[in-house]
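**Student:** okay, predicted coordinates and the sequence, questions at the end:
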Amino acid sequence: MPDWPETVDDLLAAQAALADATPDPWTPPERPVVAGCFVCFPSDEPGPGGEDDRAWAAAATDRETATATGTAWGDYEPGLLALRAGPVLEAAVRNLATTPDVLIADATGRDHPRRAGLALHLGAQLGLPTIGVTHRPLRATGEWPAEERGASAPITLDGEVVGAWLRIQPRARPIVVHAGWRVDPATAVAVVIGIASRVRTPEPLRQARRVARLTRARAQATS
């Protein structure tokens with residue numbers, strides 16, 4: 001893959017190419033090493049966020065964590081998050097000492113206006129299978145699953161299954177699991193429920209979020 005796009009037009013072109021790509025599907029090993037990654041921006045600035053915002057990213061597995069800092073390459077706009085957060089997330093994941101088998105990102109995959117959300121784009125850049133986990137779909141729709149742990153129900157966009165609602169705990173609000181780079185919806189659901197504990201956010205993603213926010217807090221306290 002080329003470097004991350006630096007303009008909106010370049011990103012739109014990259015997303016179109018990614019949507020048409022047909023990489024080999026990923027078959028997970030028996031016990032995959034699962035990483036999560038998360039990026040955060042200044043918490044005390046008004047508005048949705050702008051170009052050149054400081055960015056703090058972290059990646060985590062059950063064995064280690066890594067961080068990276070940078071600046072946003074674009075304003076916040078749904079569907080264009082790769083321009084804002086992609087490079088710093090890639091840097092955090094590459095700073096892990098051990099390459100994970102699969103990566104979970106707080107982003108969508110094929111549930112996207114151009115079928116190439118940040119979770120999918122990040123996987124292509126890293127050469128890693130990826131899964132997206134969010135609180136709600138971006139464009140896709142679907143009914144909630146049954147109320148027992150592990151129940152899932154597909155979400156679709158223009159007739160394509162692009163992910164699933166997944167219930168982590170009985171009667172708790174489900175999360176959305178997104179197909180990403182080389183990972184189909186069913187495999188994404190199986191990986192996430194296999195590592196999910198009693199909280200809604202899968203542990204590697206929750207740990208990455210905690211480390212990214214802690215790194216931001218430390219940086220802001222000394223600036």
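**Tutor:** All right, it came through fine.

**Student:** which residue packs closest to the residue positioned nearest the centre of the chain, ignoring adjacent ones?
**Tutor:** The centroid of the chain falls nearest to Ala105 when counting by C-alpha atoms, centre = their mean (1.9 Å). Nearest residue to Ala105, sequence neighbours excluded (C-beta to C-beta, 6 or more residues apart in numbering): Ala119, at 4.3 Å. Placement of C-beta: from N, CA and C, glycine included.

**Student:** phi, psi of the one you found?
**Tutor:** Ala119 has phi and psi values of phi -60, psi -40 when expressed as degrees, to the nearest 10.

**Student:** got a list of what it touches?
**Tutor:** Going by C-beta atoms under 8 Å, 6 or more residues apart in numbering, Ala119 touches Ala105, Ala107, Thr108, Gly109, Thr130, Ile131, Gly132, His178, Gly180, Trp181.

**Student:** I'd like the distance between the residue nearest to the centre of the chain and Arg149.
**Tutor:** Ala105 is 23 Å from Arg149, where distance means C-beta to C-beta, to the nearest Å.

**Student:** just Asp52 next, same as before
**Tutor:** Using C-beta to C-beta, Asp52 is found at 43 Å from Arg149.

**Student:** list of residues touching stretch 187-198?
**Tutor:** With C-beta under 8 Å, 6+ apart, stretch 187-198 has contacts from 25-26, 28, 32, 34, 102, 104, 131-133, 149-150, 152, 163-164, 166, 168-169, 175, 177-180, 183, 202-204.

**Student:** likewise stretch 200-211?
**Tutor:** Stretch 200-211 is contacted from outside by 34-38, 40, 58-62, 65, 67, 92, 104-106, 133, 168-169, 172-173, 175, 192, 195-197, 199, using C-beta under 8 Å, 6+ apart.

**Student:** could you redo the last one with a cut-off of 6 Å?
**Tutor:** Stretch 200-211 has contacts (C-beta atoms under 6 Å, 6 or more residues apart in numbering) with 34-38, 58-61, 65, 104, 133, 168, 175, 192, 195-197.

**Student:** so which bits of it are buried?
**Tutor:** Arg200, Thr201, Pro202, Glu203, Pro204, Leu205, Arg206, Gln207, Ala208, Arg209, Val211 (16 or more other C-beta atoms under 10 Å).

**Student:** so which of these sit within strands?
**Tutor:** The strands, defined by DSSP state E, take in nothing from these.

**Student:** and stretch 161-175, average pLDDT?
**Tutor:** The predicted model assigns stretch 161-175 a mean pLDDT of 95.
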